[in-house]
Each structure stands twice: as C-alpha cells, then as structure tokens.
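# take this sequence and fold it.
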Amino acid sequence: MNGDTVMMMKLFEMYARFLAALSQIIQRSNSEIAKLRKSQMVIRTFQAGSGIMIASPDRETESETKAAEQTS
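Numbering: from 1, shown residues only. This next block holds a predicted model:
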C-alpha cells in the first residue's frame with residue numbers, strides 16, 4: 001500500500017469512530033429527554049390531582065413521549 005491509501009484508511013477509521021461516538025451521544029440524549037418528559041407527566045398528574053393549576057404551553061402528547069422512549 002502506498003502512503004495515500006494508508007492515510008485514507010486512517011481517516012476513514014477516525015470518521016467511523018466519530019460517527020459511533022456521535023450515535024451514542026444522541027441515544028443517551030434521547031433517553032434523557034424521554035426520562036424528563038416522563039417526570040414532567042408525573043409532576044403534572046400530581047399537580048392536577050392536588051388542584052394546582054399551571055400554564056404549560058409545551059404539553060406533549062402521550063404518543064410523543066412513547067415515540068421518544070422507543071428511539072432510545
């Protein structure tokens with residue numbers, strides 16, 4: 001193999017490692033987002049049960065939460 005081929009192989013290996021690391025970060029982020037959404041639903045349920053009213057323009061549907069959990 002010549003020097004250019006070896007260099008390209010090394011660059012490709014680095015790129016593959018970068019993509020794998022990025023994929024792990026995204027999976028962890030999606031998992032954390034799903035956990036936060038789930039805890040928000042618990043808090044909202046508690047607040048609704050105790051008669052506390054909150055203004056929440058960013059309410060997500062249960063299907064959105066399930067979709068986020070499935071992607072993690």
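# report the rounded mean pLDDT for the biggest helix by length in the chain.
Secondary structure of the chain per DSSP state H: the longest helix is helix 3-49. For helix 3-49, mean pLDDT is 91.
# tell me the helices and strands packed up against that helix.
helix 62-71 (3 or more Cβ pairs under 8 Å, 6 or more residues apart in numbering; DSSP states H and E). Any C-beta I mention is one placed from the backbone N, CA and C, and that applies to glycine too.
# how much space between the most centrally placed residue in the chain and residue 43?
Central residue of the chain (Cα atoms, centre = their mean): residue 30, 1.3 Å from the mean position. Distance, residue 30 to residue 43, using Cβ to Cβ, to the nearest Å: 20 Å.
# again with residue 29
From residue 29 to residue 43 the distance is 21 Å (Cβ to Cβ).
# report the distance from the longest helix of the chain to the chain centre.
6 Å (Cα atoms, centre = their mean, to the nearest Å).
# repeat that for stretch 36-56.
The answer for stretch 36-56 is 22 Å, by Cα atoms, centre = their mean.
# quick one: buried residues of it?
For stretch 36-56, the neighbour count (16 or more other Cβ atoms under 10 Å) marks residue 37 as buried.
# ok, now stretch 18-30?
residue 30.
# using CSV, list the CA coordinates for that stretch.
Extracted as CSV, the C-alpha positions of stretch 18-30 are listed here (Å, rounded to 0.1, in the frame of the first residue of the first chain):
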residue,chain,number,x,y,z
PHE,A,18,-16.6,9.7,15.4
LEU,A,19,-19.9,8.6,14.0
ALA,A,20,-20.1,5.8,16.6
ALA,A,21,-19.5,8.2,19.4
LEU,A,22,-22.0,10.7,18.0
SER,A,23,-24.6,8.0,17.7
GLN,A,24,-24.1,7.1,21.4
ILE,A,25,-24.4,10.7,22.4
ILE,A,26,-27.7,11.0,20.5
GLN,A,27,-29.1,7.8,22.1
ARG,A,28,-28.2,9.0,25.6
SER,A,29,-29.8,12.4,24.9
ASN,A,30,-33.0,10.8,23.6
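# gap between residue 21 and residue 9?
19 Å.
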